[in-house]
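> Task: produce atomic coordinates for the following.
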Amino acid sequence: MKRCPNCSAEYDDNISFCTKDGRALVMANTARARLCPHCANSIEEDAVKCPYCKADFGTAETPQWPMRDEMVGQAAGSGGHHANRALAKPATAILAAGLIVVLGLGLFLTAGYRQRNDARQLEEANSKQVQEREQKIKTLEGELKQLRQELDKSKSHLTSLAAKLEENQKELSATQQRLTAATREAPRAASKRTPVAPGSTARSVKVPASQTPPARRSAELGVYEVIRATTVREEPSAAGRRVTDINKGTKITVVRTVGNWLEVRSKQGNPPGYVRLDDAILVSRAN
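Below you'll find the model as predicted:
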């Protein structure tokens, strides 16, 4: 058999090194063995150092193992004291454990109360915010409803105005058509009228002043004087396009009459136009 000189582990003869510490194995001594006075492991009788607890037997004082009778007496003498100490240690441990448990339970309850309080406050704040938002939503819904009603009223009013505008446009179109037709018929009616011979004078008939009818305006050709500011139009119609404006006292030359309109020609080269018969008075007849 071989033995490790460091840990005293025994191996077969075919093994050369210790598997624990790697030391080279030596042949095991078959001498008598004894117990180490320090660790009670089996060592060689003549060993000067314990391979297990590393105690040096040459320098350290070797303790003596007590006899069996001495051990029994010491156990009997100090049994009560050791028993009391053995009982006191578990009681102290149980008391400490109980205090720790109570302290932990108190901390747990305190933390739980704080957590519940914080959760309740947070829930109340959230509930308040939700109520405020719901109130705002209700207010906005009321305003939106009112705006929709006003919009419906505006739409109905706009529809009514559109209908009236369409009706007025139809009436205006019909009036323009009638006016255009009347403008076209006016020259024909004027051409059918019997012209008054120039230089002819009507016989004067004496009629009482009370029975004298109002004098009718003459539509003879010649030079006229404008008695009020008037507009010269392109056609003998109030709807005709405006050519120019002439002031009161202006002399105009009438070359033709069309109903209640006088056709005038400008000496400055302006295009011809028509003025109303009531806006001018005859000054001199044409030769």
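
> where exactly do the helices run in this protein?
68-77, 79-192 (DSSP state H).

> rank those by mean pLDDT and give me the bottom one.
Note on the helices of the chain: lowest mean pLDDT is at helix 68-77, with a mean of 53.

> number of nearby residues for residue 277?
Other residues within reach of residue 277 by the criterion other CB atoms under 10 Å amount to 19. Where you see a C-beta, it was placed from the backbone N, CA and C, and this is true even at glycine.

> typo on my end, residue 183
When neighbours are counted by other CB under 10 Å, residue 183 registers 17.

> Now do the residue lying closest to it once chain neighbours are set aside against residue 261, distance only.
Using CB to CB, 6 or more residues apart in numbering and skipping residues adjacent in sequence, the residue nearest residue 183 is residue 237, 4.5 Å away. The gap separating residue 237 from residue 261 is 8 Å, by CB to CB, to the nearest Å.

> returning to what we had before: rebuild the helices of the chain as a markdown table, extending it with distance to residue 243.
Written out in a markdown table, the entries for those read as follows (distance: least, CB to CB, whole Å):
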| stretch | distance to residue 243 |
| --- | --- |
| helix 68-77 | 151 |
| helix 79-192 | 16 |
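
> so which of those helices gets nearest residue 223?
Closest to residue 223 of the helices of the chain, according to CB to CB: helix 79-192, at 20.6 Å.

> helices or strands up against the closest one?
Helices and strands in packing contact with helix 79-192 are listed as strand 251-258; criterion 3 or more CB pairs under 8 Å, 6 or more residues apart in numbering; DSSP states H and E.

> quick one on the thing from earlier: okay but the residue nearest to residue 183 is in contact with residue 185, surely?
No - using CB atoms under 8 Å, residue 237 is not in contact with residue 185, being 11.1 Å away.

> more crowded one of those two?
In this view residue 237 and residue 185 are compared by other CB under 10 Å, and residue 237 has more residues nearby, 18 against 11.

> how about the more buried one, phi and psi?
For residue 237, the backbone dihedrals are phi -160, psi 150 (criterion: degrees, to the nearest 10).

> Equivalent analysis for residue 55, please.
Main-chain dihedrals, residue 55, degrees, to the nearest 10: phi -70, psi 140.

> ok, it - contacts?
Residues in contact with residue 55 (CB atoms under 8 Å, 6 or more residues apart in numbering) are 36, 37, 38, 39, 49.

> if I look at it, how far off is residue 16?
28 Å.

> how many other residues sit next to residue 50?
For residue 50, using other CB under 10 Å, the count is 19.

> Repeat that for residue 243.
When neighbours are defined as other CB under 10 Å, residue 243 has 19 of them.

> What of residue 224?
For residue 224, the number of neighbouring residues by other CB under 10 Å comes to 23.

> Would you check how far apart the residue nearest to residue 221 when sequence neighbours are not counted and residue 258 are?
On the basis of CB to CB, 6+ apart, the spatially nearest residue to residue 221 that is not a chain neighbour turns out to be residue 286, at 4.4 Å. Separation of residue 286 from residue 258 (CB to CB) stands at 16 Å.

> and what of residue 136?
Relative to residue 258, residue 136 is positioned 75 Å away (criterion: CB to CB).

> Looking at those two, which is more packed in?
For residue 136 and residue 258, the more surrounded residue by other CB under 10 Å is residue 258, and the numbers stand at 19 against 10.
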